[in-house]
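>>> Next comes the sequence, and after it the predicted model I'd like to discuss.
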Amino acid sequence: MAKPLRIALTKGRLEKDTVGLLERLGYDCTAVREKGRRLILPIPDGNMEVVLAKANDVITYVEHGVCDMGVVGKDTIIEMQGKFFELVDLGFGRCKFALACKKGTDFYSGFGVKCIATKYPNVARRFFESKGMDVDIVKIEGSVELAPLLGLADGIVDIVETGVTLRENGLEVVEDVVPISARLIANTVSLKLRQTEIEALIQKIEEALSK
Ligand SMILES: Nc1ncnc2c1ncn2[C@@H]1O[C@H](COP(=O)(O)OP(=O)(O)OP(=O)(O)O)[C@@H](O)[C@H]1O
Ligand SMILES: O=P(O)(O)OC[C@H]1O[C@H](OP(=O)(O)OP(=O)(O)O)[C@H](O)[C@@H]1O
C-alpha cells in the first residue's frame, strides 16, 4: 500500500471542525479524538495520517513537503504567504481581520504617524501600504487588544470573530480588512505525485460542503 497521505491540521480552534469534516467524509477519526498527547494520528481507513501543529508550522511542513496537505486559516496564509497550493475554502473557522481602535476615537484624525499593534505585521503593513499610509508596526504575541488600552498603539489589526473581545475592552472596528476561513492547502510536488488521491479527497470534500 502507498504511504499514508499526511495532512497537517491546525490544532486549537480549527481542530474540531476539521475532524468533523473528515468524519462526514466517512473516515474513522477515533485515533484523533482519543489522541492524548500524541501528535501524529493515523486514519487507517483513508490511508491518511493527521499531524497536529501550530498554524504557522502547518504551512512550514506543507511547504517543505514533509506533509502533503494542510488545513490552515486564511489569516496564516496571508501573513506567511509561501509556495503551496490553496485548494478549497472549507467554510469553517470564519472570522475577519479588522482595524480597531478605542471606542469614540477618530483613528484617521491628526497628522502624526500612527502606531499599530498586531500579531500579523505583514497583513497590517500591506493594509496600510494599500492606503498609501505610513505607520509604525509593533509585533504583539497575544491579547493584542491591550496595546491601545495601555497607550502603546493607536490601533490594532487583529482577528475579530464575535466582536466580544473588542466590546468588552472598549474598542471598536474602524474598518474590515479581509474575511477569513479555513483552507485546504497542498504541497506543490505532492499535488503532482499524488494527484489522483488528492483530487479524490477534494471531490469528496466539495460534495460534503455542498450538502
Ligand atoms: N476568534 C478567533 N481568534 C483567532 N483565530 C480564530 C478565531 N476564530 C477562528 N479563528 C481561526 O482559527 C485559527 C487557529 O486559531 P487558534 O486561536 O486556535 O490558534 P492561534 O491563532 O495560533 O493561537 P494560539 O497562539 O493561542 O494557539 C486562526 O488562525 C483563525 O484562522
Ligand atoms: O471577536 P472574538 O470572538 O472576541 O474573537 C477575537 C479574539 O480571539 C483571538 O484571540 P485569542 O482568543 O486567540 O487569544 P490571543 O489574543 O491571546 O491570541 C483574537 O486575537 C481576538 O482577541
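Yes, it's here. Ligands and ions are numbered 1, 2, ... in the order given.
>>> List the neighbouring strands of the helix or strand hosting Ile137 plus their orientation.
For Ile137, the host element (DSSP states H and E) is strand 135-139. Strands that pair with strand 135-139, judged by DSSP bridges, come out as strand 114-118 (parallel).
>>> Is there proximity between the partner strand and ligand 1?
No: applying C-beta under 6 Å from any ligand atom, one finds strand 114-118 separated from ligand 1 by no less than 12.4 Å. The way it works is simple: take the backbone N, C-alpha and C, and place the C-beta from them, glycine included.
>>> which residues touch the residue positioned nearest the centre of the chain?
Centroid-nearest residue in the chain, with C-alpha atoms, centre = their mean: Gly73, separated by 1.9 Å. Gly73 is in contact with 10, 14, 55, 93, 180-183, counting by C-beta atoms under 8 Å, 6 or more residues apart in numbering.
>>> In terms of distance to Gly155, which of the residues you listed ranks first?
Using C-beta to C-beta, Ile180 comes nearest to Gly155 of those, at 18.5 Å.
>>> Report the secondary structure state of the spatially closest residue to Gly46 that is not a sequence neighbour.
Excluding its sequence neighbours, the residue lying closest to Gly46 (C-beta to C-beta, 6 or more residues apart in numbering) is Tyr27, at 4.4 Å. Under the three-state scheme (DSSP: H, G, I helix; E, B strand; the rest coil), Tyr27 adopts coil.
>>> hang on, isn't Tyr27 packed against Asp45?
Yes: taking C-beta atoms under 8 Å as the definition, Tyr27 is a contact partner of Asp45 at 5.9 Å.
>>> Of these two, which one has the most company?
When Tyr27 and Asp45 are compared for neighbours, Tyr27 comes out ahead with 20 against 10, by other C-beta atoms under 10 Å.
>>> related to what we said a few turns ago, is ligand 1 within reach of the strand holding Ile137?
No: using C-beta under 6 Å from any ligand atom, strand 135-139 never reaches ligand 1; the gap is at least 13.3 Å.
>>> Tell me which helix or strand comes right after that strand.
Assigned by DSSP H and E, the successor of strand 135-139 is helix 146-149.
>>> Check the model's average confidence along the helix of greatest length in the chain for me.
Longest helix in the chain by number of residues (criterion: DSSP state H): helix 195-210. Average pLDDT, helix 195-210: 96.
>>> Report the buried residues of that helix.
Across helix 195-210, burial judged by 16 or more other C-beta atoms under 10 Å covers 197-198, 201, 204-205.
>>> Which residue does this structure have closest to ligand 1?
Taking C-beta to the nearest ligand atom as the measure, the point where the chain comes nearest ligand 1 is Gly73, at 1.9 Å.
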